[in-house]
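below are the sequence and a predicted model for it; my questions follow.
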Amino acid sequence: MWEIPHIKTNRNETMVKTKKEYDTKLDSKNRLTVREPSHGYFHVSEFDDGTILLKPRILVDPETISKNALKMIDKSINNFKNKKVSKKIDIEKYLSLLDN
């Protein structure tokens, strides 16, 4: 069995146990088959050493978001594009609280 390469994770991620392992290959259209996936959508990260990490994603139907929330999102995006933003927040002091 091969060793799993070390992958840098975010602070809030936890290590999880392997659920299953198997070998697969790309088909003639360069698609990869995931057997019995637990999710329908994945975020793909490809690393320099060839390692590929799939993280499950749950996509939200835009129709389920309120019109007010969508307006707020649009306004925030416009503010950001127009550089109408607050000062940077130093979160280091908050991150140190997580280490305790």
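All right, it came through fine. Numbers count the residues shown, from 1 in each chain.

which SS state does residue 42 fall under?
strand (DSSP: H, G, I helix; E, B strand; the rest coil).

the longest helix along the chain - what's its average pLDDT?
Ordering each helix of the chain by length in residues (DSSP state H) puts helix 67-81 first. On average, the pLDDT along helix 67-81 is 92.

what segments of the chain are helices?
Going by DSSP H, the chain shows helices at 67-81, 92-99.

any idea which of the ones you listed is most buried?
Each of the helices of the chain was scored by mean neighbour count; the highest is helix 67-81, a mean of 10, by mean count of other CB atoms under 10 Å. For glycine as for every other residue, the C-beta is placed from the backbone atoms N, C-alpha and C.

elements contacting that one?
Using 3 or more CB pairs under 8 Å, 6 or more residues apart in numbering; DSSP states H and E, no helix or strand is in contact with helix 67-81.

follow-up on the earlier one: the helices of the chain into TSV, with extra columns for distance to residue 33?
Listed next are the helices of the chain as TSV, based on distance: least, CB to CB, whole Å:
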stretch	distance to residue 33
helix 67-81	35
helix 92-99	38
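
ok, which of the ones you listed comes nearest residue 44?
When the helices of the chain are compared by CB to CB, helix 67-81 sits nearest residue 44, at 24.7 Å.

what about that closest one, distance to the chain center?
Distance, stretch centre to chain centre, for helix 67-81: 22 Å (CA atoms, centre = their mean, to the nearest Å).

now residue 80: how far from residue 69?
17 Å (CB to CB, to the nearest Å).

actually residue 17, not the one I typed
36 Å.

with residue 93 instead?
30 Å.

same thing with residue 58?
Distance of residue 58 to residue 69, given as CB to CB: 17 Å.

for residue 87, same thing?
In terms of CB to CB, residue 87 sits 25 Å off from residue 69.

again with residue 79
16 Å.

so what pLDDT did residue 15 get?
Taking residue 15 on its own, its pLDDT is 68.

the one 5 residues further on now?
For residue 20, the model assigns a pLDDT of 86.
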